[in-house]
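Engineer: Kindly generate the corresponding structure for this input.
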Amino acid sequence: MSKKALITGICGQDAAYMAKLLLEKGYTVYGTGRTLVDYKLWRLQELGVLNDVVLISGDITDGGFVYQTLKKFQPDECYNFAAISFVGQSWEIPALTCTINIDGVLNILKAIRDCSPHTRLYQAGSSEMFGRPVSQIQNEREPFAPCNPYGISKLAAYHLVSVFRSAFNIFACNGICYNHESPLRGTEYVTRKITDGVAKIKHGLAKEIRLGNVDAIRDWGFAGDFVKAMWLMLQQEQPDDYVIATGKTRSIRDFLTHAFAMAEIQDWEKYIVIDEQFYRPLEPHVLCGDASKAHGKLGWKPEVPFEDIVRQMVYRDLERVRPR
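Structural biologist: All right, here's what the predicted structure looks like:
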């Protein structure tokens, strides 16, 4: 009998790649989302797996819905991607960010404890929990110091997972994921905002891209690589928490240089407008992850290099916005 997996937040980037990975491994995949309308499901459609996922409409902040879903389907594995995950949005709606990102995780943990104790849980954490770290490269022992509502909410969820794991012997893992991109990123994120803008400039549909701090530095990986690490966490004998990162940093300026070059556009600086509204109230320090633990225990390493990530994103957006 095939394994069953429940993916919350099925409309998001990571959920789509996870669904594809699990289906390829022979799983039956169930996916939940608050609004499962066509325009929200485009990522599953692009990966060609929309018709292979059993979709369930519901909100993880509804404890009754979560309990009944776990009780009915009894999944072997649960991957929780349901969250407000855009840092800028978390400043605008901090209360709702905390409600979804904390209460939702608590509901899942309680449901596993009460009606599906065999279910293994992956909780999507974030490097934003480190915020302003004391070390240049961060591993699982780095003290947490979040500097935005999103990071705070993810840190609370992290601790809930740890406490339930210890108190009730639940197999639950936190993935402390650094930035991971793909052609399935939303355009609200700076990487996809850039590649979408570059494509529109190339096709004569736009003249500029408005950005904030182009010198901000991030550790960027490929989402398709990262979901493999998430799956591997739930295949281990014991649950644990892992940093998932490339260990290499690039600036937004580097991303811009590569993106415009992929589209064969010269002198990219003339297309960029620096707009203060896109600056963060508190800019995190340099976030660069040390994934040595994942390398050693999971046998995982990132495969897609930075340049190929940018290439994939630019080429896909050039096709998306091409005048028909």
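Engineer: next one: stretch 177-189 to chain centre, how far?
Structural biologist: The chain centre lies 7 Å from the centre of stretch 177-189; the measure is CA atoms, centre = their mean, to the nearest Å.
Engineer: what sits up against that stretch?
Structural biologist: For stretch 177-189, the external contacting residues (CB atoms under 8 Å, 6 or more residues apart in numbering) are 13-14, 16-17, 43, 46-47, 86, 88-89, 124-127, 191-193, 196, 218-226, 243-246, 287-289, 309, 312-313, 316-317. Quick note: C-beta positions are derived from backbone N, CA and C, even for glycine.
Engineer: Now do the buried residues in that stretch.
Structural biologist: 177-185, 189 (16 or more other CB atoms under 10 Å).
Engineer: Out of the helices and strands in this structure, which is least certain?
Structural biologist: Ranked by mean pLDDT, DSSP states H and E, the weakest helix or strand in the chain is helix 87-92, scoring a mean of 82.
Engineer: so what does it touch, helix or strand wise?
Structural biologist: Under the contact definition 3 or more CB pairs under 8 Å, 6 or more residues apart in numbering; DSSP states H and E, helix 87-92 sits against helix 149-168.
Engineer: C-terminal to the helix it packs on, what's the next element?
Structural biologist: strand 172-177 (DSSP states H and E).
Engineer: Report the distance from that next one to the chain centre.
Structural biologist: 11 Å.
Engineer: now it and helix 149-168, what's the angle there?
Structural biologist: 150 degrees (axes from the mean of the first three to the mean of the last three CA atoms, to 10 degrees).
Engineer: Send over stretch 34-48 as CSV, restricted to the C-alpha atoms.
Structural biologist: C-alpha atoms of stretch 34-48 as CSV (Å, rounded to 0.1, in the frame of the first residue of the first chain):
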residue,chain,number,x,y,z
ARG,A,34,-8.3,28.1,2.1
THR,A,35,-9.2,29.1,-1.4
LEU,A,36,-8.7,26.4,-4.0
VAL,A,37,-9.7,28.4,-7.1
ASP,A,38,-8.1,28.0,-10.5
TYR,A,39,-5.8,31.1,-10.3
LYS,A,40,-4.4,29.9,-7.0
LEU,A,41,-3.6,26.5,-8.4
TRP,A,42,-1.3,27.6,-11.2
ARG,A,43,1.8,26.1,-9.7
LEU,A,44,0.4,22.6,-9.5
GLN,A,45,-0.8,23.1,-13.1
GLU,A,46,2.7,24.2,-14.3
LEU,A,47,4.3,21.1,-12.8
GLY,A,48,1.6,18.9,-14.3
